[in-house]
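**Q** Dropping the sequence and predicted coords here.
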Amino acid sequence: MAGSNPNAKPMNLTLKVWRQKNRAAAGQVVDYNVRDISPDMSFLEMLDVLNEDLLRKGDDPVAFDHDCREGICGSCNLFINGRAHGPESGTTTCQLHMRKFSDGDTIVIEPWRANSFPVNKDLSVDRSAFDRIIQAGGYVSVNTGGAPDGNEIPIPKEIADRAFEAATCIGCGACVAACKNASAMLFVSAKVSQLALLPQGHVERATRVENMVAQMDIEGFGACTNIGSCAAECPVGISLENIALLNREFLTAKASSNNLS
């Protein structure tokens, strides 16, 4: 394995994994033992080893979401020992390495827990609620045609930096899983802030925030009570300042809106 430590000793671990056949079925925690796990493996590679063992035995492998395995796509959404994405801050599950654990450890692995993120199977959850929130207004409407010059619209660096930081949200859902209310405010605020800060997003800013917040409520996410656990567990460090900006955008939009619901 590239970049591996030749002195690293393999580990034997006990895994307590949530198993659930489908949305309607009752789930339970099942114990598994995995042996000779390299500390240089990623967490998902360790799960691959578990699934290979299960397949050799003729058992059903553990379903879990993944895609890029580079900390970009936001697909890997696991609750590991009671923390979203595991014990290392600022890290997605796929970028978590087994060197963060010790030989003989017991690791509890669960899916995101939120009514708006129903379990598809085992550790795989349905996060399409986020997609519907984006469809409600998380975009800029523009005429098609050639791409404009990159410097055609001057934007102060401070504003550009803040918009870029908001745009780094990968939509993994750790904020919802970490929140005691299962609130999606950090996710929605990042998407609203990203566009509200830039001049390209100003035309639709009022309808955008109204529609996205309304869709968030329709999806059943809880209310934000400013605990801050969402930002603490966010793997890309989305700031709570975005929630303040969302609230300002929402109140400004409602003050001039015919939609008072």
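**A** Arrived safely. Numbers count the residues shown, from 1 in each chain.
**Q** Helices of the chain, start to end?
**A** Counting by DSSP state H, one finds helices in the chain at the ranges 43-56, 128-137, 157-167, 174-178, 185-196, 205-218, 229-233, 241-255.
**Q** right, and these - which one's nearest A25?
**A** Of all these, helix 43-56 sits nearest to A25, with 18.2 Å by Cβ to Cβ. The way it works is simple: take the backbone N, C-alpha and C, and place the C-beta from them, glycine included.
**Q** List the buried residues of the closest one.
**A** Within helix 43-56, the residues that count as buried by 16 or more other Cβ atoms under 10 Å are F43, L44, E45, M46, L47, D48, L50, N51.
**Q** cool, stretch 128-147 as well?
**A** Quick answer for stretch 128-147 (16+ other Cβ under 10 Å): A129, F130, I133, A136, G137, G138.
**Q** any idea which of those is closest to Q215?
**A** Nearest to Q215 among these, with distances taken as Cβ to Cβ, is A136, at 3.8 Å.
**Q** Let's have the buried residues of stretch 128-147 in CSV, adding distance to L240 and pLDDT.
**A** CSV is the format used below for these (distance: Cβ to Cβ, whole Å; pLDDT from 0 to 100):
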residue, distance to L240, pLDDT
A129, 21, 97
F130, 19, 97
I133, 19, 98
A136, 23, 97
G137, 21, 95
G138, 19, 95
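**Q** Could you work out the most separated pair of those residues?
**A** A129 and G137 (14.4 Å).
**Q** Contact partners for E249?
**A** Counting by Cβ atoms under 8 Å, 6 or more residues apart in numbering, E249 touches V192, A196, R205, V209.
**Q** can I see the domain layout of this structure?
**A** Following automatic domain parsing, one finds the domains of the chain at 11-121, 128-256.
**Q** now do the same end-to-end measure for stretch 29-45.
**A** 20 Å (Cα to Cα, to the nearest Å).
**Q** Need the contact partners of it.
**A** Residues beyond stretch 29-45 that count as contacts (Cβ under 8 Å, 6+ apart) turn out to be 1, 3-5, 8-19, 46, 49-50, 53-54, 64, 66, 69, 76, 78, 80, 86, 93-99, 108.
**Q** quick check, nearest of the buried residues of helix 43-56 to G237?
**A** For the buried residues of helix 43-56, the nearest to G237 is F43 (19.9 Å; Cβ to Cβ).
**Q** distance of that closest one from R56?
**A** Counting by Cβ to Cβ, to the nearest Å, the separation of F43 from R56 is 21 Å.
**Q** Chain neighbours aside, what residue packs nearest to the residue nearest the centre of the chain?
**A** Closest to where the C-alpha atoms of the chain average out (Cα atoms, centre = their mean) is C172, at 1.4 Å. Closest residue in space to C172, ignoring its immediate chain neighbours: G74 at 3.7 Å, by Cβ to Cβ, 6 or more residues apart in numbering.
**Q** The one you found contacts T168, correct?
**A** No: look at G74 against T168 with Cβ atoms under 8 Å: they stay out of range, at 10.7 Å.
**Q** For the stretch 101-250 of the chain, give me the ranges with low pLDDT.
**A** Along the stretch 101-250 of the chain, no part satisfies pLDDT under 70.
**Q** residue ranges of the strands in the stretch 51-200 of the chain, please?
**A** 78-80, 83-84, 106-111, 119-121, 124-125 (DSSP state E, counting those that start in this stretch).
**Q** Contacts for the fourth one, please.
**A** For strand 119-121, the surrounding residues in contact (Cβ under 8 Å, 6+ apart) are Q20, K21, N22, R23, G27, A63, P111, V125, D126.
**Q** List only buried entries from those residues.
**A** Those of the contacts of strand 119-121 that meet the buried threshold are Q20, A63, P111, V125, by 16+ other Cβ under 10 Å.
**Q** Which residue, neighbours along the chain excluded, lies closest to the first one?
**A** In other words, Q20. According to Cβ to Cβ, 6+ apart, the nearest residue to Q20 is G27 (3.2 Å).
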